[in-house]
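Asks: sequence plus the predicted model coming up.
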Amino acid sequence: QDVPMVAWDAAFLISMATEEFIKRLTQASGNVAEREKRSTVQQRDVGAVTRRAEEFFFLDNIISGLQSATAKRKPKALQAEQPEEPTLLDRFMKKTEVAMDEDGLMYAT
């Protein structure tokens with residue numbers, strides 16, 4: 001898409017509004033973390049703000065979608081403890097000899 005021409009004063013106002021929005025969201029999320037006796041804002045704090053503050057309701061679907069996507073990942077420490085299950089190809093190659101017939105078809109022997 002083509003970006004429309006924007007006057008410098010309009011661009012300045014957009015940047016000021018964006019800055020104010022980020023400041024309010026950050027402060028509200030910081031308050032949630034503070035109530036839970038933490039000094040670091042986490043994604044769940046931002047999610048709580050988007051569900052509670054009417055000002056940020058429009059972000060709820062976006063933030064909850066991000067939370068569900070990241071919740072499926074395991075921390076690296078847990079990944080290292082559990083040995084990775086071999087793939088189907090790994091199992092096939094370790095236990096099976098591969099042969100090729102005169103037509104060029106490969107098969108396990």
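Replies: On my side now, so go ahead.
Asks: and residue 51, how many neighbours?
Replies: Here the neighbour count serves as a burial measure; for residue 51 (other C-beta atoms under 10 Å) it reads 13. (Glycine included, C-beta is placed from N, CA and C.)
Asks: whoops, I mixed them up, residue 39
Replies: What residue 39 shows, counting by other C-beta under 10 Å, is a neighbour count of 7.
Asks: for it, give its distance to residue 30.
Replies: 9 Å (C-beta to C-beta, to the nearest Å).
Asks: do residue 19 as well
Replies: For residue 19, the distance to residue 30 - C-beta to C-beta - is 16 Å.
Asks: and those two? which has more neighbours close in?
Replies: Here residue 19 and residue 30 are set side by side on neighbour count (other C-beta under 10 Å), and the busier one is residue 30, at 16 against 10.
Asks: can you name every helix or strand that the helix ranked longest in the chain contacts?
Replies: In the chain, ranked by residue count with DSSP state H as the criterion, the top helix is helix 8-35. In this structure, helix 8-35 makes packing contacts with helix 43-52, judged by 3 or more C-beta pairs under 8 Å, 6 or more residues apart in numbering; DSSP states H and E.
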